[in-house]
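Asker: Sharing a model prediction with you, sequence too.
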Amino acid sequence: LIGFFVLLILRMGPSYMEYYKISSTLESMASESGFGSPQEIRRMAENRFDISYVTTITHKDLKIKPYGQKYQVSAKYESRVHLFGNVYAVMAFDKQVKVKRV
């Protein structure tokens, strides 16, 4: 039983670490002064994802919608990890932030 939970931690841990990188990238963008367009948000996200070695999603996977005087930026994705045999763990991640417009 302990071995099973160790296996889960070792296999699922990297997905949660990558989610933390994505989440911290989006939250740092939310605390900045402002963005002029969705393309500027995508460019900034692309640069930060490259620096953090994020490979699960790209800047193109971000959904950006106007939200009053802000943009709502959301990263919603699933990560599938092989455990053993034909058993997989599927993790669903959803992070949304509101970034300021110029």
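Answerer: In hand now; what should we look at? Numbers count the residues shown, from 1 in each chain.
Asker: Where does the most centrally placed residue in the chain fall, secondary structure wise?
Answerer: In the chain, the C-alpha closest to the average C-alpha coordinate belongs to I22, at a distance of 3.4 Å (CA atoms, centre = their mean). Under the criterion of DSSP states H and E, I22 resides in helix 2-30.
Asker: Can you point out the buried residues in that helix?
Answerer: When burial is assessed from 16 or more other CB atoms under 10 Å, helix 2-30 yields the following buried residues: S15, E18, Y19, K21, I22, T25, L26, M29. Glycine gets a C-beta too; all of them are placed from N, C-alpha and C.
Asker: can I assume the residue nearest to the centre of the chain is in contact with S74?
Answerer: No. The criterion here is CB atoms under 8 Å, and I22 misses it with S74 at 10.9 Å.
Asker: which residues are common contacts for the two?
Answerer: When contacts are counted by CB atoms under 8 Å, 6 or more residues apart in numbering, the set common to I22 and S74 consists of K95.
Asker: Beyond the helix holding I22, next helix or strand please.
Answerer: Heading towards the C-terminus - elements assigned by DSSP H and E - helix 2-30 is followed by helix 38-52.
Asker: Run through the neighbouring helices and strands of that next one.
Answerer: If contacts are counted by 3 or more CB pairs under 8 Å, 6 or more residues apart in numbering; DSSP states H and E, helix 38-52 sits against helix 2-30, strand 63-67, strand 70-84.
Asker: Now the element after the last one, going C-ward?
Answerer: Moving toward the C-terminus from strand 70-84, the next helix or strand (DSSP H and E) is strand 87-100.
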